[in-house]
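# below are the sequence and a predicted model; questions follow.
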Amino acid sequence: MADLEPSPRVDVAALGEYLLGAWADVRRQARELAAKPELHKLEGLTHIEHRERVFGQLKYLVDHQAIQRAFPKELGGEDNHGGNVAGFEELVTADPSLQIKAGVQWGLFGAAVMHLGTAEHHRKWLPDIMDLTVPGAFAMTEIGHGSDVASIATTATYDEAADEFVINTPFRAAWKEYLGNAAKDGIAATVFAQLIVKGVNHGVHAFYVPIRDAQTREPLPGIKTEDDGVKGGLNGIDNGRLCFEDVRIPRTNLLNRYGDVSAEGTYTSPIASPGRRFFTMLGTLVQGRVSLDGAAVAASKVGLTAAIRYASERRQFNASSETAEEVLLDYQRHQRRLFPLLAATYAMSFAHEELLGKFDGVFSGQQDTDEDRQDLETFAAALKPLSTWHALETLQECREACGGAGFMIENRFASLRADLDVYATFEGDNNVLLQLVAKRLLNDYAKEFRAMTVGALAKFALGQARGVAFKTGLGAVGQFIADSGRAQRSALALRDPDTQRLLLAERVQTMVAQVAQALQGANRLPQAEAAARFNDHQNELIEAARAHAELLQWEAFTEALEKIEDPGTRQVLTWLRDLFGLTLIEKHLEWHLMNGRLSMQRGRTVGEYINRLLAKLRPHALDLVDAFGYTQDHIRSTVASGIEAKRQEEAAAYFAQLRKLGTAPVKEKNLKRP
């Protein structure tokens, strides 16, 4: 009899090293720092106490030289943009409030000065920003305008006689809102306002504006502040509001890399188009979205590590034995709850590493064309929504999968989820970001077919319709014949990466094409009619963008597989990639069936094959989360500490002793009836 093929094994150490990515040393340093108790969130503090602790932790980061990576070398930095984000996102494991407050100080306030200012601004302000002498706020969002930055109402009007800008908040809806460091700690702010010179509005620009006296910490004349108070999470950050009443600043406080005003009141810019200038300025601040994507993935890894470790120890119900209860992770439903989330987390981790490489290429200047910057913007706008939504879903499912224990703050699921809740909103509301992606997809579609005449476009549309009809009819029949009605053949086809890629890619292409055809000619309509037509298809556009992001993640996972050298690890990760792909296909199964991409026969086998993948992955679940590389100092979840295994061992020993001594009481149902 031939020997059975040995089960594959995961090389945890090698996989863990691979997951650390291009900036492995930086991540190790950041994780070592995040493991320090001094940086950990203390549950139960009031929001006032939490704020004080987090501000002290910022000083700890400065003292331990953890914030200088992205800043210029001539100021003591490293010009290491990718490494900066890689290290920064690891702080989420210590306390999300610390990660975000550090992001406000150095990733938004400091980055605005660095990327929108000139060398003179760098020398003047960055040293004090870097060492926390000047804590600052990033004053972009207004109460009445969140994601629509172009429509903010704060004004900066040039007074030629005084050689000053006058900053004003014209009405209540123009108050700057939700600003970290605004309620208490901020000494200055980078304020985004409409730049007005000689009656001409040159659009949104950024200004360096002092807001508090450095000694007294009282607001400066003309500055009004309000405290946002207690929030649903991230209460270690002093979010607040700012209002400006005739606040005067020197003309040279304009961060003028992309637009300048001379003493005589002449506006100049290296970018002629106001629209392109606006998007270029905002594009320099994309690192916020990049870091949130990575932090959300890290939080998902922490939650899954805790939940899967607990599920491998916790026992419940006598399903297959009279004496031993089942481990939770052996139940198919428990695997269905956690393993697809684990697969998606791996996909998002690989996709984030690609995004981080793209980000570093642009900001290091190695790949910094207009097209590179547009690709980076679109990539970040595609990934950040899915990873932040995924983190919320993952932490909630992990919480529920741990039962009542998961609800205890000591196990961190509820606390982490509360802190990450707003990640879906800031640095761009997720739906708005996906709309940005959708518009890029439409533009790419339009470029591809721009040379077509109306008649050619009509033929193309007809071809699209015929393609759907063929796949709905003959295509589905052919698929059924090829499968011969056997589930095994259907499963074999579904696990083929080319089949998965085709199903995911066709969905994106078809959705974009359908919306593009529906919007054909809208640009020639009156503004109101064009807007109405676009609005009629907005939901379809956003769904197309989401499908595009899912495809990007699947592609990143598949490309990563090619770089895994160990055969056993590659096999297990291939199963995990297949689980990710088939979970997406199952999620959108209705679409694939309605559009003829899958036959009913093959559609019925998707769930069956997913279940088989779950069984294959079960022996490797602990290895897959151990490869994330987080220690108990990062996870800090009691249920993941091994305490449950000790409880179960104690209980098993107790009942075994009763059976050995014959002193166990007899169950009533086993009594012989007279």
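It's in. Numbers count the residues shown, from 1 in each chain.

# now do the helices in the stretch 151-300 of the chain.
274-283, 287-311 (DSSP state H, counting those that start in this stretch).

# actually the stretch 351-500 of the chain, sorry about that
For the stretch 351-500 of the chain, the helices defined by DSSP H, counting those that start in this stretch cover 370-401, 403-407, 413-420, 430-449, 454-470, 476-483, 487-494, 497-518.

# tilt between the first one and helix 430-449?
Helix 370-401 and helix 430-449 are oriented at 140 degrees to each other (axes from the mean of the first three to the mean of the last three Cα atoms, to 10 degrees).

# before we move on, back to that, can you add mean pLDDT and distance to residue 60 and give the helices of the stretch 351-500 of the chain back as a markdown table?
Where you see a C-beta, it was placed from the backbone N, CA and C, and this is true even at glycine. Shown next, in a markdown table, are the helices of the stretch 351-500 of the chain (pLDDT from 0 to 100; distance: least, Cβ to Cβ, whole Å):
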| stretch | mean pLDDT | distance to residue 60 |
| --- | --- | --- |
| helix 370-401 | 96 | 25 |
| helix 403-407 | 94 | 30 |
| helix 413-420 | 97 | 19 |
| helix 430-449 | 87 | 32 |
| helix 454-470 | 43 | 58 |
| helix 476-483 | 48 | 60 |
| helix 487-494 | 67 | 51 |
| helix 497-518 | 90 | 44 |
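
# for residue 562, find the nearest of those.
Nearest of the helices of the stretch 351-500 of the chain to residue 562, taken as Cβ to Cβ: helix 497-518 at 10.7 Å.

# in CSV, could you pull the C-alpha coordinates for the closest one?
What follows is helix 497-518, C-alpha atoms only, in CSV (Å, rounded to 0.1, in the frame of the first residue of the first chain):
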residue,chain,number,x,y,z
PRO,A,497,-6.7,30.7,-9.9
ASP,A,498,-7.5,31.6,-13.5
THR,A,499,-11.1,30.9,-12.9
GLN,A,500,-11.2,32.9,-9.7
ARG,A,501,-9.4,35.8,-11.4
LEU,A,502,-11.8,35.7,-14.3
LEU,A,503,-14.9,35.7,-12.1
LEU,A,504,-13.6,38.6,-10.0
ALA,A,505,-12.2,40.6,-12.9
GLU,A,506,-15.2,40.2,-15.2
ARG,A,507,-17.5,41.5,-12.4
VAL,A,508,-15.4,44.7,-12.2
GLN,A,509,-15.3,45.1,-16.0
THR,A,510,-18.9,44.5,-16.5
MET,A,511,-20.1,46.8,-13.7
VAL,A,512,-17.9,49.6,-14.9
ALA,A,513,-19.0,49.1,-18.5
GLN,A,514,-22.6,49.1,-17.6
VAL,A,515,-22.4,52.3,-15.7
ALA,A,516,-20.2,54.0,-18.3
GLN,A,517,-22.8,53.2,-21.0
ALA,A,518,-25.6,54.5,-18.8
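
# give the contact list for the residue sitting nearest the centre point of the chain.
A centroid search over the chain (Cα atoms, centre = their mean) returns residue 293, at 2.6 Å, as the residue closest to the centre. Residues counted as contacts of residue 293 (Cβ atoms under 8 Å, 6 or more residues apart in numbering) are 348, 352, 355, 380, 383, 384, 387, 388.

# change it to 7 Å
352, 355, 380, 383, 384, 387 (Cβ atoms under 7 Å, 6 or more residues apart in numbering).

# for residue 394, same thing?
Applying Cβ under 7 Å, 6+ apart to residue 394 gives the contacts 300, 303, 304, 341, 345.

# and it, how far from residue 87?
Residue 394 sits at a distance of 23 Å from residue 87 (criterion: Cβ to Cβ, to the nearest Å).

# ok so, going back, out of the contacts of residue 394, which comes closest to residue 94?
The nearest member of the contacts of residue 394 to residue 94, counting by Cβ to Cβ, is residue 303 at 15.0 Å.

# count of neighbours near that closest one?
By other Cβ atoms under 10 Å, the residues close to residue 303 number 32.
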